[in-house]
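Colleague: Dropping the sequence and predicted coords here.
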Amino acid sequence: MTGDVDWCLTFNFADKHNRHQSIQINQNQPFLTVPQSDAVYVFYTVLLSASGTGRITFRGIDMTLMRTSGTLVSGDQETTLALGDAVHSYYYPGTQSIKPKKLIVTFAGFRAFVRKFELVGAFQKVGQPFLAFTDFRAHGGAFYMNRFETTAYEERVKAIILERLSALGLTTDDLIITGQSMGSTAAIYYGALLNAGNVVVTKPIINLGTFTSKGDLAITEGVSWMFETRRLLTGRVSVMDQDWLNALVTTAVAQSERKTIYSLFALLADQYDGDSIDEFVQSIETTGQLGEYFWEHGRHTEKSGAATVWLFDQIQNIIQGDDKR
């Protein structure tokens, strides 16, 4: 906010019986108190009032479900590690009438402004058990990888996945690991570490060193969080870390004990890490690990709808036994 402006936000809550409660915050009282009522509020409106001369920037509202347990959504789990890192996961057991064939694991993309899981409702409609992860360390996420000189984060992620697999009576061959953008990196990485049956990703980011050194993105598009991510992963921001950061994902894939099948949706003008995609595709095609490879024209921030449709088409094909193994 700039200039001489008086402002007020009014939150109107209503339950299914149309019982209302209103709460206001303003520049003199900028904190929202919890509504005091036994009612379960299912509707709300937000009214912004302002007077004076200046500008107000309203970035939106980060909304999560009301809950009696969990941090981001009812029933989710938060595991706090050393140095303040936390692993956030949410498990959905699947539709009771459908026998579990697969465990779907999904890693959310960039989470700076919306701290929640990704596509939960869409994955529930698939009917199979799924396990969702979200990461908003380092302002927007650190690709679900270990903090510098620690191992606890990745160990915990792998343990959560293996615990769910065991409880379902499934094996790593029954894993479908998915992700978009930042989540794609984690999907490929953990897919290799866990010898998953299938990995399905959209808008992949492969070379973390290349991506987290792109200062031009910070200038032209305001994407500066990658520097914070690089510092979390390496303990510094130095060109000396470029090679090993770039090798994190590809080394995991090369050293995997089984031939995981990788399917990718890519954009030809991807300004984040587009140059690495063809090289990665060629390498997994050579080893017989390339499933479906689909590309469209566009930049990294475009074609999200098409990417999501493609993602769920691939998941359904795999569940139905139509993968290319």
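Modeller: Yep, that arrived.
Colleague: what's the neighbour count on residue 159?
Modeller: 12 (other Cβ atoms under 10 Å). Heads up, the C-betas are built off the backbone N, CA and C, glycines and all.
Colleague: ok, it to residue 166 distance?
Modeller: 10 Å (Cβ to Cβ, to the nearest Å).
Colleague: ok, the nearest residue to residue 199 once chain neighbours are set aside - contacts?
Modeller: Distance criterion Cβ to Cβ, 6 or more residues apart in numbering; nearest residue to residue 199, sequence neighbours excluded, is residue 191 at 3.7 Å. Shown in contact with residue 191 (Cβ atoms under 8 Å, 6 or more residues apart in numbering): 175, 177, 198, 199, 260, 262.
Colleague: Also residue 129?
Modeller: 91, 92, 93, 94, 100, 102, 103, 104, 164, 168.
Colleague: out of everything not next to it in sequence, what's closest to it?
Modeller: residue 94 (4.1 Å).
Colleague: do residue 289 as well
Modeller: residue 259 (5.1 Å).
Colleague: helix, strand or coil for that neighbour?
Modeller: Using DSSP: H, G, I helix; E, B strand; the rest coil, the structure places residue 259 in coil.
Colleague: what about it, neighbour count?
Modeller: 13.
Colleague: just residue 170 next, same as before
Modeller: 17.
Colleague: Please tell me how far it sits from residue 196.
Modeller: Counting by Cβ to Cβ - residue 170 and residue 196 are separated by 11 Å.
Colleague: Ok, residue 83 next?
Modeller: 28 Å.
Colleague: ok, those two, which is more surrounded?
Modeller: residue 196 (25 against 13).
Colleague: Quick check: pLDDT value at that one.
Modeller: For residue 196, the model assigns a pLDDT of 97.
Colleague: swap in residue 34?
Modeller: pLDDT, residue 34: 57.
Colleague: just residue 136 next, same as before
Modeller: pLDDT at residue 136 comes out at 84.
Colleague: How about residue 283?
Modeller: Residue 283 carries a pLDDT value of 93.
Colleague: you'd agree it is up against residue 249?
Modeller: No: Residue 283 lies out of contact with residue 249 (Cβ atoms under 8 Å); the separation is 11.0 Å.
Colleague: thinking again about what came up before, looking at the contacts of residue 129, spot the one nearest residue 78.
Modeller: Ranked by distance to residue 78 (Cβ to Cβ), the contacts of residue 129 are led by residue 91 at 12.8 Å.
Colleague: can you pull the contacts of the closest one?
Modeller: So residue 91 contacts 75, 77, 129, 130, 131, 132, 164 (Cβ under 8 Å, 6+ apart).
Colleague: repeat for residue 250
Modeller: Contacts of residue 250 by Cβ under 8 Å, 6+ apart are 206, 280, 283.
Colleague: Quick check: which element contains the last one?
Modeller: Okay, so that is residue 283. helix 277-286 (DSSP states H and E).
Colleague: for that helix, packing partners?
Modeller: helix 242-254, strand 261-267, strand 290-296 (3 or more Cβ pairs under 8 Å, 6 or more residues apart in numbering; DSSP states H and E).
Colleague: List the residues that contact the residue lying closest to residue 104 once chain neighbours are set aside.
Modeller: Closest residue to residue 104 apart from its sequence neighbours, by Cβ to Cβ, 6+ apart: residue 130 at 3.9 Å. By Cβ under 8 Å, 6+ apart, the residues touching residue 130 are 91, 92, 94, 103, 104, 105, 106, 123, 124.
Colleague: if we can go back for a sec, more neighbours, residue 283 and residue 249?
Modeller: A direct count of neighbours by other Cβ under 10 Å for residue 283 and residue 249 places residue 249 higher, at 26 against 16.
Colleague: ok, that one touching residue 209?
Modeller: No: with contact defined as Cβ under 8 Å, residue 249 does not reach residue 209; the gap is 10.4 Å.
Colleague: Out of the contacts of residue 250, the closest to residue 244 would be?
Modeller: Nearest member of those to residue 244, counting by Cβ to Cβ, is residue 206, at 14.0 Å.
Colleague: The lowest-mean-pLDDT helix or strand in the chain: what's the following helix or strand?
Modeller: The helix or strand of the chain with the lowest confidence, counting by mean pLDDT, DSSP states H and E, is helix 215-220 at a mean of 64. Downstream of helix 215-220, the first helix or strand assigned by DSSP H and E is helix 225-234.
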